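Chemist: Only the shape, not the letters, is given here:
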Ligand SMILES: Cc1ncc(COP(=O)(O)O)c(C=O)c1O
């Protein structure tokens, strides 16, 4: 029996993630050096893990309010006000979610009517386009370019805009490019959003990992709070990927709409993760900054190495990804990455896994030890030299 | 902070060649920097941090609390310096609180450490009392956890 006929059309139509294809190849390879991950190499700082253990000991094993623990919402309110200069009420403007992943899904489902168009910059995180499509929206990619250090420009937005666009998804600093926007650029994007009456979904999950300049949240631009949903989480900056905890902040009406979906689908985020998240916000700043400083120095090293090797690489201002241009080798990014893996056992991710505009680039995560980065750099160098001889 | 020093603290066990690559210096430059740090008394030395059983290392370790009579002019410095010079003494610190010096002592056996305390340490003029605590087991050494089995890194090889 052909049971694939039961699968909903919009799900059947989604491509499998390019990352998963690649993962299947890497998983079979023994002792590969992997720059292919999207998470910190650090384990969660111990004091946060300890808070999780303590929560279990104290019998914190129950459901929480749908919005999440009020103590956590209060801590988030303080943290966001201090670091992003925008204030949200813990009572009705903050929703705790199962990672930014769930928050993205909730926002798409709560805001998109079938056929609504959603703009997002590309290359981008692998879930954006599918998230839009699963909510029956139409994905409208906006390209970002190496010449702009992968900042999102209003020119590109204007060129991509079409009637029916309702939502703009931002991810600055960006996975996979490390590109971000300075204040003036953010202000210009905000102006565009107002002009076109767009609601903005701003995924700022890498914002603490901004190495140059200060991070500006679009929610803090005057007039933007009312049309912005600010998404953030603990996975990257606090090395808490496995805890599955994040949050959305926004105007009460929109948070209430997301909360409806959340209430009927997820109910609430894990209480243990919520307790850990409180600890991270209240006492985790030092450990977070220490990790950030280490990423910063490793970034400087690996980006320099890519450029020495002859793979042009812009300086990613945030995140823990380098995004070198490999087109000079004459290969496409997939063949380059697969060849590199098979010949030298170094895994990086082909840029096209992050959308059409990632063609010609590869993503290398530098959240790994110096030893691994040094060795990976040397192997990539040899591989590129051999390609040139061919 | 000096970049070579920073990398020493962060990079764990990088070779000088690897350090040179990270810092974009020649290996000779790195060695020169290390020499300067040594000359300035900042870098005292480097040694491996081992996880050896007592049988393998042939060493017993003890923490000894020492009470001293302070001296006019130098306080505890002269006596502390004198005690620190013994080969058996691995570390020596002036402490606040109920005693004055805490010293960490290595010896080939319980008897050897006991002999050091009773014959050398306690007999120094100015040492008022000692209390010796033998270490039974180590759970963490200089920032490294000592665990039964080497832990596998659980990270996936590729993730979004
Ligand atoms: C841009 C971006 N958004 C969201 C996520 C998912 O984060 P979370 O672990 O909070 O679900 C990731 C993870 O890779 C990401 O890169």
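Modeler: Sure thing, it's come through. Please read these numbers as outputs of a predicted model, since none were measured by experiment.
Chemist: I'd like to know how far residue A:346 sits from residue A:372.
Modeler: Distance check for residue A:346 against residue A:372: by C-beta to C-beta, to the nearest Å, it reads 9 Å. (Each C-beta comes from the backbone N, C-alpha and C, glycine too.)
Chemist: Which one of the two is surrounded by more residues?
Modeler: residue A:346 (22 against 16; other C-beta atoms under 10 Å in any protein chain shown).
Chemist: The chain - how does it break down into domains?
Modeler: Using chain A here. A:3-44+A:286-389, A:46-283 (automatic domain parsing).
Chemist: not quite, I wanted chain B
Modeler: B:3-39, B:52-141.
Chemist: Strands along chain A, start to end?
Modeler: A:33-34, A:94-97, A:117-122, A:138-143, A:165-170, A:199-203, A:228-233, A:246-249, A:321-322, A:346-347, A:349-350, A:362-365 (DSSP state E).
Chemist: need these in CSV with distance to residue B:68, can you?
Modeler: Listed next are the strands of chain A as CSV, based on distance: least, C-beta to C-beta, whole Å:
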stretch, distance to residue B:68
strand A:33-34, 54
strand A:94-97, 57
strand A:117-122, 68
strand A:138-143, 73
strand A:165-170, 65
strand A:199-203, 61
strand A:228-233, 55
strand A:246-249, 57
strand A:321-322, 57
strand A:346-347, 58
strand A:349-350, 62
strand A:362-365, 54
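Chemist: Let me have these in CSV, extended by distance to the ligand and mean pLDDT.
Modeler: Formatted as CSV, the strands of chain A follow (distance: least, C-beta to the nearest ligand atom, whole Å; pLDDT from 0 to 100):
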stretch, distance to the ligand, mean pLDDT
strand A:33-34, 15, 92
strand A:94-97, 8, 98
strand A:117-122, 11, 98
strand A:138-143, 15, 98
strand A:165-170, 10, 98
strand A:199-203, 5, 98
strand A:228-233, 4, 98
strand A:246-249, 4, 98
strand A:321-322, 9, 98
strand A:346-347, 16, 95
strand A:349-350, 12, 94
strand A:362-365, 10, 97
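Chemist: Minimum distance to residue B:106: which of these has it?
Modeler: With C-beta to C-beta as the criterion, residue B:106 lies closest to strand A:33-34 of the strands of chain A, at 38.8 Å.
Chemist: Quick one: residues in contact with the closest one.
Modeler: A:26, A:345, A:346, A:347, A:368, A:372, A:375, A:376, A:379, B:155, B:157, B:158 (C-beta atoms under 8 Å, 6 or more residues apart in numbering or on different chains).
Chemist: repeat that for 10 Å
Modeler: Outside strand A:33-34, the residues within contact range by C-beta atoms under 10 Å, 6 or more residues apart in numbering or on different chains are A:26, A:41, A:341, A:344-349, A:364-365, A:368-369, A:371-373, A:375-376, A:379-380, B:153, B:155-159.
Chemist: Show me what it pairs with in its sheet, parallel or antiparallel.
Modeler: The pairing partners recorded for strand A:33-34 under DSSP bridges are strand A:346-347 (parallel).
Chemist: residues touching residue A:88, list them.
Modeler: A:73, A:76-77, A:80-81, A:94, A:219, A:225, A:230, A:247-252, A:255.
Chemist: of those, buried ones?
Modeler: For the contacts of residue A:88, a burial check counting by 16 or more other C-beta atoms under 10 Å in any protein chain shown picks out A:73, A:76-77, A:80, A:94, A:219, A:225, A:230, A:247-251, A:255.
Chemist: So what does the closest residue to chain A within chain B have for phi and psi?
Modeler: In chain B, the residue that lies nearest chain A is residue B:158 (3.8 Å; C-beta to the nearest C-beta). Backbone dihedrals for residue B:158, given as degrees, to the nearest 10, come out at phi -140, psi 130.
Chemist: so it touches residue A:348, yeah?
Modeler: Yes. Counting by C-beta atoms under 10 Å, residue B:158 does reach residue A:348; the two are 9.3 Å apart.
Chemist: returning to that earlier point: how much space between the residue of chain B closest to chain A and the ligand?
Modeler: 12 Å (C-beta to the nearest ligand atom, to the nearest Å).
Chemist: quick one: low-confidence ranges for the chain?
Modeler: Assuming you mean chain A. By pLDDT under 70, chain A has no low-scoring segment.
Chemist: hm, I was asking about chain B
Modeler: B:11-12, B:148-154.
Chemist: Residue in it with the shortest distance to the ligand?
Modeler: When scored by C-beta to the nearest ligand atom, chain B has residue B:160 as its residue closest to the ligand, at 4.8 Å.
Chemist: And the stretch 51-200 of chain A, by the same measure?
Modeler: For the stretch 51-200 of chain A, C-beta to the nearest ligand atom, closest residue to the ligand: residue A:99, 2.5 Å.
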